[in-house]
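J.: Output the structure for:
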Amino acid sequence: MKEAAGEANLTVVAIILIAVVVAVATPLVGSLMKNSAKRSCCTDAGGVWKGNACKDGGTGQYNSSAYNSCTSAAGTS
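T.: Okay, the predicted model is just below:
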């Protein structure tokens, strides 16, 4: 019986550790995905991603309304 109780305790500890890792990793992955989507929208709109913002790269092809509609559609605004 003691062996079964010990295995049950290890299972509980493993489940708790997995839950902690998931709780920490989920916001990080979500943030990375949103940032990646914003960069992609910026590139598609003809801009350059600098300083955590989409800016005109000097080519004159940047379309801010296209960027804004893309980020709104992606849910990253």
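J.: Quick one: residues contacting residue 66.
T.: Applying CB atoms under 8 Å, 6 or more residues apart in numbering, we find residue 66 in contact with 44, 45, 46. For glycine as for every other residue, the C-beta is placed from the backbone atoms N, C-alpha and C.
J.: Sort out which of those are buried, if you could.
T.: 45, 46 (16 or more other CB atoms under 10 Å).
J.: Mind checking which of the contacts of residue 66 are in helices?
T.: residue 44 (DSSP state H).
J.: Poorly predicted segments of this protein, please.
T.: 1-6, 77 (pLDDT under 70).
J.: tell me the strands in it, going along the chain?
T.: Assigned by DSSP state E, the strands in the chain fall at 47-50, 53-56.
J.: Can you convert the ones you listed into CSV and add a column each for mean neighbour count and distance to residue 26?
T.: Formatted as CSV, the strands of the chain follow (neighbours: other CB atoms under 10 Å; distance: least, CB to CB, whole Å):
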stretch, mean neighbour count, distance to residue 26
strand 47-50, 16, 24
strand 53-56, 15, 25
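J.: which one of those strands lies closest to residue 13?
T.: strand 47-50 (42.4 Å; CB to CB).
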